[in-house]
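> My questions are about this predicted structure, shown below with the sequence.
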Amino acid sequence: MFMSDVVSVKNQKLLEIDNKIDVLVKKIEMLNYVNPNNIEEEKQKFFNSKYLTDPKFTYPKRDFDKFSLHKEFFALKIDEIEDERLRDFYEDIIYFYSGIIQCIETIGKGKRFYYNSLRSFGTPTENDVENAKFILHFDSEDENDELFQPKFSASESHQFFKEYSKNYDFSYQIINSKTMGAIAMVSNSKQMLMLNENHTFSQNEINILTNHEIGVHMVTTMNGMLHPLKVFSHGFPNNEETQEGLAVFSEYMSGNLTIKRLKELAYRVLAVNSLAKGYSFSRTFRMLHNDYDLDREQAFYICVRAHRGGGFTKDYLYLTGLKKIYNYCQDQKDLSLLLTGKVSLEFVDEIEYMIANGYANPAKHISDIYSANANTNKTVDFILKNLK
């Protein structure tokens, strides 16, 4: 590994730029800014309005100067990185994070945020929408099954995550939060698991989240910190699709991916597609609740995820990411490369190059769920094989 050698001038410059990017990126973790402060209050108002008046969400204040941050990113002298392959790679990184800054600075500003989100994350294709509708043709599991009954408060759920985490040689903090669009999430910058205090968890959700949040998101967080280059920790361009694809694939491999869960991912695609059609929050909600018979609580939170900030398109990537990771594994490709940090499928060749040349290390923490396929649901298999 080059860090233990006499560091050459060219590697010194690479490390310098990588470190500067790391300092800048720590200020701009998107989920710190895009989750509304007042979800529960606005939910009640929205329900009281008979689903007609769009929620008025408020957001955490931005604690960085957007102009100076942009300036610092573009002042980085990446032309001084001698390795041409890595120079091109870091150019992609700068443009990607510049786009994220533009997203954050326009949160809550309607279409301005939506268009920036569109540039950074894209939007569903016709194929993606067809895949979502295909999934919705299948019958979900019985809602009354004991597995799906809400049982555990956020605090009671801590024990399950702690028990599951004994499989791994790392530690992290678990906290509860009242201001989350999701029911659980990993904070990469703080190495922390956050659980939604307003949610009561079923055993199925616990099974999903232990594999999804700890088995993948926390594993890639911890692996990302073990490289000479910090870009593995703060994230490659377009890493969301790969990271969420890996996380949902872990649900499949551990035998916990249900039709119900696949439908949830399909509804997210349709909710994001509604943004492209210009639908308001209330119209997206009525589409899910009335046309697709989704219960109002779930429909509301799916709408929050898609419409927060002014239109956050990232949510459709869970389904596209799952399909890409499924295909990748069907081709017998090396999954451990994708666990090295917050990396992207499109940069697999660069990851191999960086490991081979001492710029990165092989993954230390490997999700054991990937070692054997525990899925027994033939319908889930059929769906995954037939997605376009």
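Done, it's in.
> roughly how far apart are Asn357 and Glu350?
10 Å (CB to CB, to the nearest Å). Where C-beta positions appear, they are placed from N, C-alpha and C, glycine not excepted.
> Which one's more surrounded, those two?
Per other CB atoms under 10 Å, whichever of Asn357 and Glu350 has more neighbours is Glu350, with 19 against 14.
> can you give me the strands in the stretch 51-200 of the chain?
Taking DSSP state E, counting those that start in this stretch as the criterion, the stretch 51-200 of the chain contains strands spanning 173-177, 184-187, 192-196.
> counting contacts, what elements does the last one pack onto?
What it means is strand 192-196. helix 154-164, strand 173-177, strand 184-187 (3 or more CB pairs under 8 Å, 6 or more residues apart in numbering; DSSP states H and E).
> Try it again at 6 Å.
Contact analysis of strand 192-196 by 3 or more CB pairs under 6 Å, 6 or more residues apart in numbering; DSSP states H and E lists strand 173-177, strand 184-187 as its packing neighbours.
> ranking those by burial, who's on top?
Across those, averaging neighbours per residue (mean count of other CB atoms under 10 Å) puts strand 184-187 on top, at a mean of 21.
> average model confidence for it?
Looking at strand 184-187 alone, the average pLDDT works out to 92.
> could I have that strand exported to CSV, CA atoms only?
What follows is strand 184-187, C-alpha atoms only, in CSV (Å, rounded to 0.1, in the frame of the first residue of the first chain):
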residue,chain,number,x,y,z
ALA,A,184,-34.4,3.9,9.5
MET,A,185,-31.2,5.1,7.9
VAL,A,186,-27.4,5.1,8.4
SER,A,187,-25.6,8.4,8.8
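> so what strands line up beside it?
Note on strand 184-187: by DSSP bridges, its sheet partners are strand 192-196 (antiparallel).
> After the partner strand, heading C-terminal, what element do we hit next?
The first helix or strand that comes after strand 192-196 along the chain, using DSSP states H and E, is helix 203-209.
> chain center to the helix or strand just after that following helix: distance?
Following helix 203-209 in sequence order, the next helix or strand is helix 219-224 (DSSP H and E). Relative to the centre of its chain, helix 219-224 is centred 14 Å away, using CA atoms, centre = their mean, to the nearest Å.
> Does anything pack onto the following helix or strand past helix 219-224? Which helices or strands?
Sequence order places helix 231-234 as the next helix or strand after helix 219-224, per DSSP H and E. Here helix 231-234 touches helix 9-25, going by 3+ CB pairs under 6 Å, 6+ apart.
> Brilliant, that's me finished.
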